[in-house]
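Fold the following and give me the result.
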Amino acid sequence: MSLAPILSKVHYLGTGRRKSAVARVRLVAGKGEIIINNQKGTPYLQFNPAYISAVKLPLETLGLEENYDIFVTAKGGGLTGQAEAIRMGVARALCEIDPSNRYPLKKEGFLTRDSRCVERKKYGLKKARKAPQFSKR
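The predicted model follows:
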């Protein structure tokens, strides 16, 4: 599925980030379909209801789940990070549609960047904080 017919319509953009995942989201007036990296959203998210509902949550909060199609280009990270990045991108695009959408989305926490990421490994340790077993002799 190409993006050519999508780009000819009025669309709203939003970028979401979580862990090392980045999602570029386009909202287009439609029937509520989700397309992620040119694949249907449900199989891409491995039919996981938590991921699917996370992506739709900003639209459901505003009661617009049947009004917009979601087209996403997601890179980096795993499915959890990508799903939450898509959620943030959808929320930002909804704010672009109507600035009055900002308050309910902000209240639910969809516009707040979750900056937690993996802590780096330190030298002398096995992982970020795990030390080798202590040996007295």
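
From now on I want contacts and neighbour counts done on CA atoms only, so please keep to that.
Fine.

Report the contact partners of residue 91.
Going by C-alpha atoms under 8 Å, 6 or more residues apart in numbering, residue 91 touches 14, 58-59, 105, 110-111.

how about the strands in this protein?
Ranges of strands in the chain, per DSSP state E, are 11-18, 21-29, 34-36, 39-40, 68-75.

residues near residue 57, how many?
Neighbourhood size, residue 57 [other C-alpha atoms under 10 Å]: 21.

Tell me the pLDDT of the nearest residue to it once chain neighbours are set aside.
In this structure, residue 57 finds its nearest non-sequential neighbour in residue 87, 7.2 Å apart by C-alpha to C-alpha, 6 or more residues apart in numbering. pLDDT recorded at residue 87 is 96.

which residues does residue 87 contact?
By C-alpha under 8 Å, 6+ apart, the contact set of residue 87 is 16, 54-58, 110.

Please report the distance of residue 50 from residue 79.
Taking C-alpha to C-alpha, to the nearest Å as the measure, residue 50 falls 11 Å from residue 79.

quick one: which of the two has more around it?
Higher neighbour count among residue 50 and residue 79: residue 79, with 16 against 11, using other C-alpha under 10 Å.

contacts for stretch 127-137?
119-122, 124-126.

where does the chain dip in pLDDT?
Low-confidence segments of the chain (pLDDT under 70): 1-8.

what sits opposite residue 15 in the beta ladder?
Beta-bridge partners recorded for residue 15 (DSSP bridges): residue 24.

so it touches residue 25, yeah?
Yes: with contacts defined as C-alpha atoms under 8 Å, residue 15 counts as touching residue 25 at a distance of 6.0 Å.

what is in contact with the two at once?
86, 89-90, 93.

Just the buried ones from those residues?
In terms of neighbour count (16 or more other C-alpha atoms under 10 Å), the buried residues within the shared contacts of residue 15 and residue 25 are 86, 89-90, 93.
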